[in-house]
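Peer 1: fold the following for me, if possible:
(2 chains)
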Amino acid sequence: MQNPQLTNDGKLKHLLSIDGLPKSILNQILDTAESFVGVAEREVKKVPLLRGKTVCNLFFENSTRTRTTFEIAAKRLSADVITLNVSTSSQSKGETILDTIDNLTAMHADMFVVRHAQSGAAHMIAKHVAPHIHVINAGDGRHAHPTQGLLDVFTIRHYKPEMHNLRVAIVGDVLHSRVARSEIHALTTLGVPEIRVIAPKTLLPKDVEKLGVHVYHDMREGLKNVDVIMMLRLQNERMTSAMLPSSQEYFKTYGLTSEKLALAKPDAIVMHPGPMNRGVEIDSAVADGTQSVILPQVTYGIAVRMAVMSILAGN
Amino acid sequence: MNLPNPEALFEMLTEQIKPMITAKTAIVGIHSGGAWLTERLLPILGKDIENGILDVSFYRDDFNQRGLHNETKPSQIPFDVQDKHILLIDDVFYTGRTIRAAMNELFDYGRPASITLAVLVNRGGRELPIAPQISAFNTEIEASKNLQLLRHQDGTFYFTLEENE
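Peer 2: Take a look at the predicted model:
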């Protein structure tokens, strides 16, 4: 079946999910992002690539960090950016998503960045739009959040370029995470030999071993000698369904503390996609510690989004 | 057509550049040929000269036609451009479009006191009011051909001249 993200000659047309992206495109995005990192450190933090293009950020669901970084990314590429929080506009008056898209297309939008609570929303829009328009999925329900996955992979590659030598641990709510699966896929594609998932059974998908990962329920065991620790956010509302007694209990077993971090390699990096629950999945001393790259993740997120937008706009 | 030996041209270029170096000079090579030349020039001109590399992919004027180049390299300008006399180095000067892109990018780092362009070969065919002040060799090459500087394993240069795809 034709991958809806790619053109007939295999170039990236939309970014909907990391799954199904060939290694060459993953590397192209990561390499291009590396070139964009320096732009933020110059006197003029802008390049003229998307001059004259209009990028529409369509947020049907709120997400301040993702929305802001997409907006900054588009502006640093010199695009004109319009951000619409649709839940508060026409949709509440009964307009359908596709009508909203058609209206914005009539205003000559060139690219849509879409965040929606419904899985598949970005796919549906990508199928609908005119051929010259590009769509980026900025998170659709539980399904995918490809730029988050890519920025995590970028951060790992940036700090640990020898990817074929890495041991990566993903800790926490893998079951409800929209990035964990695609990250496992991307890291495997890029040659990471050992990926561990550390979580209680109730927060793991049934077929998790099939993804080629090593499963640990004991965090102390799982963190031994790892190079990268990726903490996942535990959403409060998941607590009951996962049969977790309390957030204190979760912190005791699966929270990352300095003492547990010491079991990993001394130069291991600690990541978290944000927003953090301090004292639930991560201790403040670790989140703010020297091994934390949580804020650099945010910074690199802009470079990665610039890379995705400029590659799409050129294809 | 007989291509000159790029090693001989490199020596000529070096001799022409030498007298221009002052305390406020910074050398910037354009990726990739210009960066190679810069790499070879630095030990001869004095290693403490401030220097950098530009990849002009994000400033090209044909982005809308051709998209982003597959292998962009980060530009590295690790010095303050403000008030510097920039010596911009490239291998082959042709239409002038790369130099326009490079100048636009440089100005996003600061306001240089001046920019001087030095190239190994000026192959003719410029399309903009931009020309190198220094070129080790001037010639006219048909638009259908692509002149490229390449590098042997040992770091010495050679030219290829091929029909465009």
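Peer 1: tell me the contacts of the nearest residue to A:A144 once chain neighbours are set aside?
Peer 2: Nearest non-adjacent residue to A:A144, counting by CB to CB, 6 or more residues apart in numbering or on different chains: A:S17, 4.1 Å away. All C-beta atoms are positioned from the backbone trio N, CA, C, and that covers glycine. Contact analysis of A:S17 by CB atoms under 8 Å, 6 or more residues apart in numbering or on different chains lists A:5, A:137, A:143-144, A:146, A:182.
Peer 1: repeat for B:I49
Peer 2: Counted by CB under 8 Å, 6+ apart, B:I49 has contacts B:21, B:25-27, B:42.
Peer 1: let's see 6 Å
Peer 2: Going by CB atoms under 6 Å, 6 or more residues apart in numbering or on different chains, B:I49 touches B:I27.
Peer 1: one step back: ok, the contacts of A:S17 vs A:T100, which is closest?
Peer 2: For those, the closest approach to A:T100 (CB to CB) belongs to A:N137, at 16.3 Å.
Peer 1: and the closest one, how far from A:G279?
Peer 2: With distances taken as CB to CB, to the nearest Å, A:N137 is found 32 Å from A:G279.
Peer 1: before we move on, the earlier item: just the ones of the contacts of A:S17 in helices?
Peer 2: Counting by DSSP state H, the contacts of A:S17 place A:146, A:182 in helices.
Peer 1: which of the contacts of A:S17 has the weakest pLDDT?
Peer 2: Of all those, A:S182 carries the smallest pLDDT score, 84.
Peer 1: quick check, that residue in contact with A:L150.
Peer 2: No: under the criterion of CB atoms under 6 Å, A:S182 is not in contact with A:L150, lying 9.0 Å apart.
Peer 1: neighbour count: those two, which is higher?
Peer 2: Using other CB atoms under 10 Å in any protein chain shown as the criterion, A:S182 and A:L150 rank with A:L150 on top: 27 against 24.
Peer 1: would that one count as being in a helix?
Peer 2: Yes: according to DSSP: H, G, I helix; E, B strand; the rest coil, A:L150 belongs to a helix.
Peer 1: please name every helix or strand in contact with the lowest-mean-pLDDT helix or strand in chain B.
Peer 2: The weakest-scoring helix or strand in chain B, judged by mean pLDDT, DSSP states H and E, is helix B:63-66 (a mean of 88). The criterion is 3 or more CB pairs under 6 Å, 6 or more residues apart in numbering or on different chains; DSSP states H and E, and there are no helices or strands that helix B:63-66 contacts.
Peer 1: so how far is A:E41 from the spatially closest residue to A:V44 that is not a sequence neighbour?
Peer 2: In this structure, A:V44 finds its nearest non-sequential neighbour in B:D108, 3.8 Å apart by CB to CB, 6+ apart. As judged by CB to CB, B:D108 and A:E41 stand 11 Å apart.
Peer 1: more crowded one of those two?
Peer 2: Between B:D108 and A:E41, counted using other CB under 10 Å, the more crowded position is B:D108 (19 against 9).
Peer 1: from A:I311, how far off is that one?
Peer 2: Distance from B:D108 to A:I311, by CB to CB: 21 Å.
Peer 1: give me the nearest residue to the residue of chain B found nearest chain A, chain neighbours excluded.
Peer 2: Proximity of chain B to chain A (CB to the nearest CB) peaks at B:G67, 2.7 Å away. Once flanking residues are discounted, B:G67 sits nearest to A:G314: 2.7 Å by CB to CB, 6+ apart.
Peer 1: mind listing what the one you found touches?
Peer 2: Neighbouring residues of A:G314 by CB under 6 Å, 6+ apart: B:63, B:67-68.
Peer 1: got any ranges where chain B has weak pLDDT?
Peer 2: B:1 (pLDDT under 70).
Peer 1: what's the local residue count around A:Y216?
Peer 2: For A:Y216, the neighbour count with other CB under 10 Å is 17.
Peer 1: now the helices for the stretch 51-200 of chain A?
Peer 2: When assigned using DSSP state H, counting those that start in this stretch, the helices of the stretch 51-200 of chain A occupy the ranges A:64-76, A:97-106, A:121-128, A:146-159, A:180-189.
Peer 1: go on, chain B?
Peer 2: For chain B, applying DSSP H gives helices covering B:6-17, B:33-45, B:63-66, B:97-107.
Peer 1: could I get the ones you listed as JSON lines with mean neighbour count?
Peer 2: Compiled in JSON lines, the helices of chain B are given as follows (neighbours: other CB atoms under 10 Å in any protein chain shown):
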{"stretch": "helix B:6-17", "mean neighbour count": "17"}
{"stretch": "helix B:33-45", "mean neighbour count": "19"}
{"stretch": "helix B:63-66", "mean neighbour count": "13"}
{"stretch": "helix B:97-107", "mean neighbour count": "20"}
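Peer 1: make CSV out of the ones you listed and add distance to A:N103.
Peer 2: Listed next are those as CSV, based on distance: least, CB to CB, whole Å:
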stretch, distance to A:N103
helix B:6-17, 58
helix B:33-45, 47
helix B:63-66, 25
helix B:97-107, 35
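Peer 1: nearest to B:V121, out of those helices?
Peer 2: So among these, helix B:6-17 is nearest, using CB to CB, at 7.0 Å.
Peer 1: would you map the strands across the chain?
Peer 2: All of this refers to chain A. For chain A, applying DSSP state E gives strands covering A:54-59, A:80-85, A:111-116, A:134-140, A:167-171, A:194-198, A:214-216, A:228-231, A:269-271.
Peer 1: could you do chain B instead?
Peer 2: For chain B, the strands defined by DSSP E cover B:25-30, B:50-54, B:85-93, B:114-122, B:134-138, B:145-151, B:157-163.
Peer 1: can you list the ones you listed in TSV and add distance to chain A and mean neighbour count?
Peer 2: Shown next, in TSV, are these (distance: least, CB to the nearest CB, whole Å; neighbours: other CB atoms under 10 Å in any protein chain shown):
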stretch	distance to chain A	mean neighbour count
strand B:25-30	14	24
strand B:50-54	11	21
strand B:85-93	15	24
strand B:114-122	16	21
strand B:134-138	27	18
strand B:145-151	21	15
strand B:157-163	23	13
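Peer 1: which of those sits closest to A:G212?
Peer 2: Among the strands of chain B, the nearest to A:G212 by CB to CB is strand B:50-54 (39.0 Å).
Peer 1: render the CA-only coordinates of that closest one in CSV, please.
Peer 2: What follows is strand B:50-54 as a C-alpha-only set of coordinates in CSV (Å, rounded to 0.1, in the frame of the first residue of the first chain):
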residue,chain,number,x,y,z
GLU,B,50,39.3,33.6,12.8
ASN,B,51,37.5,31.3,10.4
GLY,B,52,34.2,29.6,9.6
ILE,B,53,32.2,27.6,7.2
LEU,B,54,28.9,28.5,5.4
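Peer 1: what's the angle from that strand to strand B:85-93?
Peer 2: Relative orientation of strand B:50-54 versus strand B:85-93 (axes from the mean of the first three to the mean of the last three CA atoms, to 10 degrees): 40 degrees.
Peer 1: against which helices or strands is strand B:50-54 packed?
Peer 2: Checked by 3+ CB pairs under 6 Å, 6+ apart, strand B:50-54 has strand B:25-30 packed alongside it.
Peer 1: cheers, nothing more for now.
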